[in-house]
Structures are given as C-alpha cells and as structure tokens.
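J.: okay, sequence plus prediction incoming.
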Amino acid sequence: MTNRPDLPPEIARRRTFAIISHPDAGKTTLTEKFLLFGGAIQMAGQVRAKGEARRTRSDFMQMEKDRGISVSASAMSFDFKNFRFNLVDTPGHSDFSEDTYRTLTAVDAAVMVIDGAKGVESQTRKLFEVCRLRDLPILTFCNKMDRESRDTFEIIDEIQENLAIDVTPASWPIGVGRDFIGCYDLLHDRLELIDKADRNKVADSIRLDGLDDPRMADHIPADLLEKLREEVEMARELLPALNPQSVLEGHMTPIWFGSAINSFGVRELMEGIGEYGPEPQVQKASPRDIAPEEPKVAGFVFKVQANMDPKHRDRVAFVRLASGHFERGMKLTHVRSKKVMAISSPVLFLAADRELAEEAWAGDIIGIPNHGQLRIGDTLTEGEAIRATGIPSFAPELLQQVRAGDPMKAKHLEKALMQFAEEGAAKVFKPMIGSGFIVGVVGALQFEVLASRIEMEYGLPVNFSPSQFTSARWVAGDKAAVEKFVNVNKQHIATDNDDDLVYLTRLQWDIDRIGRDYPDVKLTATKEMM
Ligand code: G4P
C-alpha cells in the first residue's frame, strides 16, 4: 500500500490532497461524494451551496457568514479503507488568489476534475501550472460522463497536449450521455456499472477475466461492447501504461471517467488516490528539510482565517504537520518569535464539525486558535530553529486606495486592514509620503469581498478608489544602495504590513529602468513569507 514501508504506518496511510478544477466542473459534488464514501456525511446534499449564485459576491459573503463547508472547512479529514484522507479545500470563488497557491503548498497531490464536455478550461490550466511548479502528483477525474461529452481519445489528447503531461487511462467509459452505462476498470479488470436510480449508492462491480470474458455480453449491449474492445485495444497500444513512479514525480496522470452526481467512478478514484497518491512528503525548509518520519513535530501555517466567530475575534491558523506525532497540549516553539506555545485546543476538521484534535500525524492539517501570533509562513517545532520555505507572497496585480468613510475611524481601518493582510486576504501598503493606505489584491472580486468584510466585521464603511499606481515590487539588495534608491524615490515607496519596503509604480518601464540604474537594488514580484 505504500512506497515507503519505512514510514510509521500512521503516516504512511495519510493522503493529503486538494481538488483543482474550473468552476462548475463538479468539485463540490465530488467533495460531497468523497465525504459520503468516507462516512463523514450520511447523505448527499449537505455540502452544497446552491446554484449559479454561489459565485456572486453576495453569496460568497453569505457563505462566509454561514461558514458553509465549502468556504470554512479549509481541511476535511475522513477515512477510506485503510487510508486517512485530508482534503484541503481550495477557495470557492473563481478569482485566482494567493490563498489558492498556498493551499497547494500544504498538500502532497491534487485531483484535477474536468468536465467531459469542456475539457481543460482556463482555471484548471492555471492551477495545474501551480501544481507543476512543485511537481505535485496529479490524478484526473473526467466528470459528467452521463452528459454528452467528447470522445475519450480526444479528452486524453487534449490533456496531454495542453498540459504537457502523460495521460494513462485508469478506466474507460462505456457509451456516452444517455447511453453511458459505466466504465471498464483497466487497472483491476472490473466492470463498473452505473446505478442512476440511487445517486448515493454505487452499483456492485463485476469482476471479470479481462475484456474477452464472455460474461461481458450479459451486461453490455453488443454495439457498445464491440466499441469498448476496439477502443481499449487502441488505448493500450497508443497510450502509455500506468507507471506509478512517473505519477509520483508528476510526469504522468492516471485518468478516471465518471459522474460525480451519480456517485459513479468516485470510489475507483478514491482507491486510486490511496494506491497511487503519495504519502506525506519531505517539506522544504531552512537550514534543512523536514522528513515526515522524524519523531519530533514540525509544522507550518499555510492559511489564517480570522473572525470565524465575530463575537470572539478569534483566528484559526491552519497548520500542515510536516513531521512527527502531535498530541494535544504539546508545547511547540513558534520559530519566528522564539516563544513557546502550548497547543491546548487544536482542532481537526471532520466534515461539518470541528473537533478537538487529541492527536495528529505528519500530513494532517490542524487548526490552532490564536490571537494573532500565528501568521502565514510561520513554523512551529519542538525547539529547533527551522523554517519551512516555499510559501511565497505575490505582488498584487490590482491596487486601490482605501479610506474610511468616517475620517475619525482611520485607526480602526488600519487595524482591520492589518488583520486582513495577516490573513493573506490582501496586501496593505502604507506610502512613505501622504496618508491613507493602498490595498493590493490579485483578483478584482477581492476588493468587494474586503469592503464587505470590513463593514461586517468591524462596522466600518470604506471607500476604495483608483490608485495612481498599478504595480508593486518588493525592494531588496545591498543596504546602502537600497537607502539611496529609497531617498531618491520617496513618492514611490511604501512599507507593507511586515514593514518591508515596496516600490509602487504605474509603469513597467520604471521597473526596467531601475534594473539598469540601480544594479545593486532588486525589485521582486514575490517574497518568501517568514
Ligand atoms: P463546482 O464546485 O466545480 O463549481 O461544481 P459543482 O459540484 O457545484 O457542479 C456544478 C454543476 O454541475 C451542478 O449543477 C452539479 O449538479 C452539476 N454536476 C456535477 N457533477 C455532475 C455529473 O456528474 N453529471 C451531471 N450531469 N451534472 C453534474 P447546477 O445545476 O449548477 O447546480 P444544482 O442546481 O445541481 O445545485
């Protein structure tokens, strides 16, 4: 069951992953079926935020308010067979954000869901590229096969060409649209038939002796059977065979076909995640990497969520455990401040409920309630001064000026902005010259979300207005050179919420010019969070 028999069994059985997809491909539906088969919910329909409206701002805000599972349950744990799955949710709104990127730093694999009729869509491609940066293993689920979808070879070709990854079919669909009757499981020589009558149930699978088994004809109409045999023969000739090592290295993706809404293909996908997905991996860190089997606990914060309960202003830091066996009450060193924290009420997210985490292992995600000490990128250890790396912050692509509706409330606004900055929801820049703040985000929707949250959580109406700047870059380099640069460019300089220097401009030309004029100053579009 594992490539790493040397790992402690509790760690070896963990599979921590995220789902990447374009909106509407079926991520929510698939998540729900995972939870259903994982025994975490009893019935489908408990997770969904309804219909189209869920991606509008108001709905997003409502979801935030309700803390519906698709937004708040940043991590869900459930068992399937011998495995413990930790599904880390990527943010529900369609704006690509840092949050999404950082979520992907906390997982060991991704499940890519595509719509069988639409193939690889823009958001999927973006997220895929992020996964590729880390060579994350990817397992693919081609959804909605109960609808008219593309030809199977065409889908596979498109993924191979568009994403430059080898694709190997784990199952092969039989019939399409209304005539879709199920899949032939190529990995186990099994026939899986769909049960459209009960969407919460999986029809029994039928074990066969390969495609030539005469019993095939009892279940599949003759024309479909002939086509299936032909196609599978072609697929086996033309497409690469499953190479588990190549999957783990992120060069090959196995693809399952199914229909999440009919619970079809989901169990096979889950078996696949267990069988071919990676166990917890080594975490990049400085001055040395962290291996999951190390007996001492280490973990890092990849997400902070504030005001989960507005009455208490609590924050939950989501920590991915990189090594060891965590037990409740443990004292861990917060490496940035060198302070020791007793972790007395960590939470695990079991479907709709938060539960106290009595223990957790490398690979798990725990939530640590705190009052703001824990920030994104922070590392917790049993004492060693070691920091997880690879959790970057990106220069925002959109900048706006923000002012409090009531000028007397400027201090309150600052507090609110700092908190959202720490949460990673926005970048906040304080210009050296002049008053007010400049807020930077990656997707336009985030301005609206911020304005609503500041109003809801702090009772502060705010105005966003266009800023004279459109780009931000962090300033680094030789100290004397940076000082000289800052002095000459004061009207372009600001500090971010960590007090790091930022250069703001309207022109890419400026950025290029500085590269030439100040060879000892470096302007960067990403910053490592520490
Ligand atoms: P998302 O989270 O990726 O955005 O997708 P979601 O699961 O919400 O699914 C998007 C739509 O596609 C939903 O319909 C859902 O019911 C439908 N869907 C998901 N899986 C399948 C499938 O296997 N087959 C078919 N035919 N449809 C599927 P909706 O009309 O937008 O929402 P609702 O009214 O059903 O809630």
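T.: Thanks, I have the structure now. Numbers count the residues shown, from 1 in each chain.
J.: which ones are touching Asp146?
T.: Gly177, Arg178, Phe180, Ile194, Lys196, Ser259, Ile261, Asn262, Phe264 (CB atoms under 8 Å, 6 or more residues apart in numbering). Quick note: C-beta positions are derived from backbone N, CA and C, even for glycine.
J.: ditto for Asp108
T.: Arg15, Thr16, Phe17, Leu136, Pro137, Gly277, Pro278, Glu279, Pro280, Gln281, Gly363.
J.: again with Ile19
T.: Lys27, Leu30, Thr31, Leu87, Asp89, Thr90, Ala110, Val111, Met112, Val113.
J.: three-state assignment of it?
T.: strand (DSSP: H, G, I helix; E, B strand; the rest coil).
J.: and it, how close does it get to the ligand?
T.: Per CB to the nearest ligand atom, to the nearest Å, Ile19 is found 8 Å from the ligand.
J.: same question for Gly329.
T.: The spacing between Gly329 and the ligand, counted by CB to the nearest ligand atom, is 37 Å.
J.: thought that residue was touching Ser345?
T.: No - assessed by CB atoms under 8 Å, Gly329 is found out of contact with Ser345, at 9.3 Å.
J.: near the ligand, from the contacts of Asp146?
T.: Applying CB under 6 Å from any ligand atom, the subset of those adjacent to the ligand comprises Ser259, Ile261.
J.: nearest to Leu239 among the contacts of Asp146?
T.: Phe180 (20.7 Å; CB to CB).
J.: and that closest one, how far from Lys484?
T.: 68 Å (CB to CB, to the nearest Å).
J.: who has more neighbours, those two?
T.: A count of neighbours by other CB atoms under 10 Å puts Phe180 above the other of Phe180 and Lys484, at 25 against 14.
J.: check contacts around the residue of the stretch 101-250 of the chain found nearest the ligand.
T.: Nearest to the ligand in the stretch 101-250 of the chain, going by CB to the nearest ligand atom, is Lys144, at a distance of 4.0 Å. Residues in contact with Lys144 (CB under 8 Å, 6+ apart) are Ala25, Gly26, Asp115, Gly116, Ala117, Ser259, Ala260, Ile261.
J.: narrow those to those in strands?
T.: Asp115 (DSSP state E).
J.: with respect to Arg403, which of the contacts of Lys144 is nearest?
T.: Nearest member of the contacts of Lys144 to Arg403, counting by CB to CB, is Ala25, at 39.6 Å.
J.: isn't that closest one right next to Ile114, touching?
T.: Yes - in this structure Ala25 lies within contact range of Ile114 using CB under 8 Å: 5.8 Å.
J.: between those two, what contacts are shared?
T.: Glu121, Thr124, Asn143.
J.: quick one: contacts for the second one?
T.: By CB under 8 Å, 6+ apart, the contact list for Thr124 reads Ile20, Ser21, His22, Ala25, Met112, Val113, Ile114.
J.: show the pLDDT at the residue nearest to Lys427 when sequence neighbours are not counted.
T.: Nearest non-adjacent residue to Lys427, counting by CB to CB, 6 or more residues apart in numbering: Gly440, 3.9 Å away. On the pLDDT scale, Gly440 is placed at 92.
J.: next, Gly440: phi, psi?
T.: phi -120, psi 140 (degrees, to the nearest 10).
J.: I'd guessed it sits against Phe394; true?
T.: No - with contact defined as CB under 8 Å, Gly440 does not count as touching Phe394 (9.5 Å).
J.: any idea which helix or strand comes after the helix or strand bottoming out on mean pLDDT in the chain?
T.: Ranked by mean pLDDT, DSSP states H and E, the weakest helix or strand in the chain is helix 69-72, scoring a mean of 36. Note on helix 69-72: by DSSP states H and E, the next helix or strand toward the C-terminus is strand 75-80.
J.: by contact count, what packs against the host helix or strand of Phe34?
T.: Element membership for Phe34, per DSSP H and E: helix 27-37. Helix 27-37 sits against strand 14-21, strand 75-80, strand 83-88, strand 109-115, strand 138-143, helix 266-276, with contacts defined as 3 or more CB pairs under 8 Å, 6 or more residues apart in numbering; DSSP states H and E.
J.: quick one, strands of the stretch 401-530 of the chain?
T.: Ranges of strands within the stretch 401-530 of the chain are 427-431, 437-441, 462-466, 471-477, 493-495, 501-505, 521-524, 526-528, based on DSSP state E, counting those that start in this stretch.
J.: and the third one with strand 437-441, angle?
T.: In terms of direction (axes from the mean of the first three to the mean of the last three CA atoms, to 10 degrees), strand 462-466 departs from strand 437-441 by 80 degrees.
J.: just checking the distance from strand 462-466 to the centre of its chain.
T.: 30 Å (CA atoms, centre = their mean, to the nearest Å).
J.: going forward, begin numbering at 9 instead of 1
T.: All right, first residue 9 from here; so that's strand 470-474.
J.: okay, buried residues for it please.
T.: Within strand 470-474, the residues that count as buried by 16 or more other CB atoms under 10 Å are Val470.
J.: give me the sheet partners of that strand and which way each runs.
T.: strand 406-412 (antiparallel) (DSSP bridges).
J.: and what of the first one?
T.: With DSSP bridges as the test, strand 435-439 is paired with strand 445-449 (antiparallel), strand 501-503 (antiparallel).
J.: using CSV, write down the CA coordinates of it.
T.: Only the C-alpha atoms of strand 435-439 are listed here, as CSV (Å, rounded to 0.1, in the frame of the first residue of the first chain):
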residue,chain,number,x,y,z
LYS,A,435,-1.6,43.3,0.7
VAL,A,436,-1.6,46.6,2.5
PHE,A,437,0.9,49.3,1.7
LYS,A,438,1.5,52.5,3.7
PRO,A,439,3.1,55.1,1.4
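J.: give the rounded mean pLDDT of it.
T.: On average, strand 435-439 scores 94.
J.: just how off-centre is it within its chain?
T.: 26 Å.
J.: residues of the stretch 59-208 of the chain that sit close to the ligand?
T.: So the stretch 59-208 of the chain meets the ligand at Gly59, Asn151, Lys152, Asp154, Arg155 (CB under 6 Å from any ligand atom).
J.: most widely separated two among those?
T.: Gly59 and Asp154 (19.3 Å).
J.: quick revisit: for Val327, which of the strands of the stretch 409-538 of the chain is the nearest?
T.: strand 534-536 (18.0 Å).
J.: my read: Leu199 touches Leu219, true?
T.: No - using CB under 8 Å, Leu199 is not in contact with Leu219, being 9.5 Å away.
J.: start and end of stretch 390-404, how far apart?
T.: For stretch 390-404, the first-to-last residue distance is 35 Å (CA to CA, to the nearest Å).
J.: good, we can wrap up now.
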